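Asks: below: sequence and its predicted model.
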Amino acid sequence: MITIKNLDFGYKNQPVFKNISLNFEKGNIYGLLGENGVGKTTLLKLISGLQKPSTGECLVDEVAPFNRWPETLQKIYFISEDFAIPEGTPINNIRELAPFYPNCNEAQFMELCKEMEVDPTRKFGELSFGQQKKCLIATALALNTDYLLLDEPTNGLDIPSKTLFRQVIAKHANENRTIIISTHQVKDVENLIDPIIILDHDEVLLKATFRAITDKLYFDYGTEKDDTALYSEVIPGGYVNVTRNPEGVDSKVSVEILFNTVMKNKETIKQLFG
Amino acid sequence: MNNKFSFDRFGQVLAKDWKNYFRNFGISLIVWSCIPVLGWITTLIFDFTLTIESRISTIAILVYSVLIFVPSKVYGKANLSRDGVSFASLPATNSEKFFSMLIYCSILTPIIVGLGSWAVDTLLALLPFGGFEGFVALPKSHLGSILAAIACSILLFSSIFLFGNMVFKKRKAGKTIAWGMLIIFVITMVLQLFHFWEAFVRWECYGISNPEILPWLFDAFMLVLAIVFYILTYRRIKNQKY
């Protein structure tokens, strides 16, 4: 489990988080959403031990990841948005990493590469950006770490590759693995993520499962605009109105609409889900 | 869960770093070791003999100059925010990563280049033509003190550039040299201000009953300084943020 408690963090004089607290439980695929520059990547860096909290705690299975203890590091794999291209071929890369990750499975890696339609025997430098990313995702899944942190994983992937990405992640998610996907392209991960975390400048605006969201918010896809709604948006053929849901009527959540609702009603949402 | 040094894992770090070392510096090592061939060709072209002393100097210059470049060539990405992630995230302790770095940059490289260029020099001296006469060898007298002085100076020189590699993000070797010169200049000025050199000369002339101890003191000073730079390098690895 990842525990973040009363965490403050900033770069020089620029605060990023002020007293945030969050838990990431095992077996979930978390969607970490937020506008550019709110600290999504920074949060992933804090969890992977690349950054150190100014104050407060960030613990991965009760250990501070910034200690960079081997037994903590072998549980975490982080793919940064602007990842460095490894040298050599993807297959050699995973062979070099294998001794350090006890659950690494080379056969699974080969299978994943086949599923993602990439050739692991070609040098990284000869692959396109999308193919490099797919190889890294295959590596990340085949290392079988408990925590998989993906920063904007669908950036640079074409439409079929995005579909493949969703399929592969859904297939390899299990009850022992926590996956955190940071993205601003919410449609790419719409049917994959649950719960959702929405970050704002230096705070967490929302952390909720889809069940909790539909319990408290009603997404009405109709033909007319509701002026009393928390948020309304034009969609082809009408409007979607997001209202409070005191009667707990079930509705289908659109992550993009939810995100916009949260951004327009920060205080209301915090009260509703707080 | 702990952070103890594991020899098994250290072996794995060494094996991983060896691939990186060989990939990034293998050819340079061979080229560096073969530089005496250039001197030999020069003696052929201009028809002169190169003294053993100048050949020893060449080998020494090769060894010290390779120490400047090897950290940035092999571990140059270790402190970079994007490229250093794989170094920081590798599941090994900071000490295992550090000692692997030390072995490749401070021990293996000078040994390979020193022995390699010496072997090339010896092979060239065996040829019946060319200007390499006689064989380069360490003097038998004071061998221990000479080897100790060489080892201490290599460790000090290497430790400075290892530290510079972890501090500077770009133009690592150049900035290390520039900062090193600046610091030496400032220290010299400060010592001058307090009349340290006059005091040192007086102490050297009259204060020591056994002057043979001086080279050993100097070696010990270099070793202590090298250890300080190694500790600073380790701390940079440990506290580096990405």
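Replies: Everything's here; your move.

Asks: if you tally nearby residues, what's the number for residue A:229?
Replies: 17 (other C-beta atoms under 10 Å in any protein chain shown). Any C-beta I mention is one placed from the backbone N, CA and C, and that applies to glycine too.

Asks: from what I see, it and residue A:241 are in contact.
Replies: Yes. Using C-beta atoms under 8 Å, residue A:229 is in contact with residue A:241, at 3.9 Å.

Asks: which neighbours do the two have in common?
Replies: Shared contacts of residue A:229 and residue A:241 (C-beta atoms under 8 Å, 6 or more residues apart in numbering or on different chains): residue A:220.

Asks: give the contact list for residue A:242.
Replies: Contacts of residue A:242 by C-beta under 8 Å, 6+ apart are A:217-220, A:229-232, A:257-258, A:261.

Asks: ok, and the most crowded of those residues?
Replies: Going by other C-beta under 10 Å, residue A:261 tops the contacts of residue A:242 with 26 neighbours.

Asks: residues in contact with that residue?
Replies: Shown in contact with residue A:261 (C-beta under 8 Å, 6+ apart): A:217, A:230-231, A:242, A:269.

Asks: the residues you listed in helices, which ones?
Replies: residue A:269 (DSSP state H).

Asks: pLDDT added to the contacts of residue A:261, as CSV?
Replies: Output for the contacts of residue A:261, formatted as CSV (pLDDT from 0 to 100):
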residue, pLDDT
A:217, 96
A:230, 96
A:231, 96
A:242, 96
A:269, 95
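
Asks: which of the contacts of residue A:261 lies closest to chain B?
Replies: If you rank the contacts of residue A:261 by distance to chain B using C-beta to the nearest C-beta, residue A:269 comes first, at 32.3 Å.

Asks: tell me, how many residues neighbour that closest one?
Replies: The local packing of residue A:269 (other C-beta under 10 Å) involves 21 other residues.

Asks: these two touch, right, it and residue A:258?
Replies: No. Between residue A:269 and residue A:258 there is no contact under C-beta under 8 Å: 9.5 Å.

Asks: which non-adjacent residue is nearest residue A:18?
Replies: Leaving out its chain neighbours, the residue that sits closest to residue A:18 by C-beta to C-beta, 6 or more residues apart in numbering or on different chains is residue A:202, at 4.4 Å.

Asks: do residue B:29 as well
Replies: residue B:112 (5.5 Å).

Asks: ok, that neighbour touching residue B:28?
Replies: No. Counting by C-beta under 8 Å, residue B:112 sits too far from residue B:28 to count as a contact (10.6 Å).

Asks: who's in contact with residue 69?
Replies: Reading this off chain A. Counting by C-beta under 8 Å, 6+ apart, the residues that residue A:69 touches are A:63, B:1-3, B:93.

Asks: the chain in question should be chain B.
Replies: For residue B:69, the contact set (C-beta under 8 Å, 6+ apart) comprises B:28, B:173.

Asks: hey, where'd the helices end up in the stretch 101-250 of chain A?
Replies: Using DSSP state H, counting those that start in this stretch, the helices of the stretch 101-250 of chain A run over residues A:106-115, A:129-142, A:159-172, A:210-216.

Asks: which of those sits most buried?
Replies: Each of these was assessed for mean neighbour count using mean count of other C-beta atoms under 10 Å in any protein chain shown. The highest is helix A:129-142, with a mean of 22.

Asks: mind listing what the residue lying closest to residue A:268 once chain neighbours are set aside touches?
Replies: Leaving aside its sequence neighbours, residue A:268 sits nearest to residue A:230 (C-beta to C-beta, 6+ apart; 6.5 Å). Counting by C-beta under 8 Å, 6+ apart, residue A:230 touches A:217, A:242-244, A:261, A:264-265, A:268.

Asks: so what does the residue of the stretch 101-250 of chain A found nearest chain B look like in phi/psi?
Replies: In the stretch 101-250 of chain A, the residue that lies nearest chain B is residue A:101 (6.8 Å; C-beta to the nearest C-beta). The phi/psi pair for residue A:101 (degrees, to the nearest 10) reads phi -120, psi 110.

Asks: residues in contact with it?
Replies: A:74, A:143-145, B:91.

Asks: please redo it, this time with the cut-off set to 6 Å
Replies: A:74, A:143 (C-beta atoms under 6 Å, 6 or more residues apart in numbering or on different chains).

Asks: next one: it from residue A:148, what distance?
Replies: The gap separating residue A:101 from residue A:148 is 12 Å, by C-beta to C-beta, to the nearest Å.

Asks: with residue B:240 instead?
Replies: With C-beta to C-beta as the criterion, residue B:240 and residue A:148 are 23 Å apart.

Asks: what's the answer for residue A:119, then?
Replies: Taken as C-beta to C-beta, the span from residue A:119 to residue A:148 is 23 Å.
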